[in-house]
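*Asks:* following is a predicted model, sequence given first.
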Amino acid sequence: LLTDGKLYLTANGEPSRAFYNKDEYALQQAVKNGFTVAAITRGRNESIRERLLGYGLHAVYMQSPDKLETFKEFLITFDLQPENVLYMGDDMPDMPVLEMCGVPTCPADAATELKTFCPYVSPFTGGNGCVRDVIEQVLRLNGKW
């Protein structure tokens, strides 16, 4: 969701992904305003973890084979109730978490099943502002934008 799913290679042949720059500000504002922010990914590139932790995220769960189990771990770690959590997912491995969380959301380019299920579908696609969109709306609703 923070990237568009495209994989780029650096001059050294290292895999890299492009991030939407304005997501960084929104993530930092969410953390600054007291929201617990985490990422769950099946990805394994440690540079992504470092970048996200640099944004201030509380946790980055990498190489998650079962996002629902990872989500449950997140809830326990941060003493949260699922009904108080907004989760954004874009593909079928996210569906069990979307079914459990209180505020299921997805980007415009999510799998059809997710777009049908989620009460909010961002008009922006993954890696192109969907994260910024959702965070900005939550912060505005809470008078913190």
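*Replies:* Cool, the structure landed. Residues are numbered from 1 along each chain as shown.
*Asks:* pretty sure residue 62 sits against residue 46.
*Replies:* Yes - using Cβ atoms under 8 Å, residue 62 makes contact with residue 46 at a distance of 7.4 Å. C-beta here means a position set from N, CA and C on the backbone, and glycine is covered the same way.
*Asks:* more crowded one of those two?
*Replies:* Each of residue 62 and residue 46 has its neighbours counted (other Cβ atoms under 10 Å); residue 62 has more, 16 against 10.
*Asks:* please name the residues that touch the more buried one.
*Replies:* Neighbour list for residue 62: 41, 43, 44, 46, 48, 49 [criterion: Cβ atoms under 8 Å, 6 or more residues apart in numbering].
*Asks:* measure it to residue 111 for me?
*Replies:* Residue 62 sits 22 Å away from residue 111, going by Cβ to Cβ, to the nearest Å.
*Asks:* okay, stretch 137-144 in PDB with CA atoms only?
*Replies:* Taking Å, rounded to 0.1, in the frame of the first residue of the first chain, the C-alpha atoms of stretch 137-144 are listed here in PDB:
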ATOM      1  CA  GLN A 137      -9.300  11.600   6.800                       C
ATOM      2  CA  VAL A 138      -8.900   9.900  10.200                       C
ATOM      3  CA  LEU A 139      -6.900  12.800  11.600                       C
ATOM      4  CA  ARG A 140      -9.400  15.300  10.200                       C
ATOM      5  CA  LEU A 141     -12.300  13.400  11.900                       C
ATOM      6  CA  ASN A 142     -10.400  13.600  15.100                       C
ATOM      7  CA  GLY A 143      -9.600  17.300  14.700                       C
ATOM      8  CA  LYS A 144      -5.800  16.600  14.500                       C
END
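*Asks:* which residues touch that stretch?
*Replies:* So stretch 137-144 is contacted by 26, 29, 30, 33, 35, 86, 145 (Cβ under 8 Å, 6+ apart).
*Asks:* low-confidence stretches in the protein?
*Replies:* Residues of the chain meeting the criterion pLDDT under 70: 1-8, 10, 14-19.
*Asks:* go again using 80 as the cut-off
*Replies:* 1-20, 45 (pLDDT under 80).
*Asks:* list the buried residues of stretch 138-145.
*Replies:* 138, 139 (16 or more other Cβ atoms under 10 Å).
*Asks:* quote the end-to-end distance of that stretch.
*Replies:* End-to-end distance for stretch 138-145: 9 Å, by Cα to Cα, to the nearest Å.
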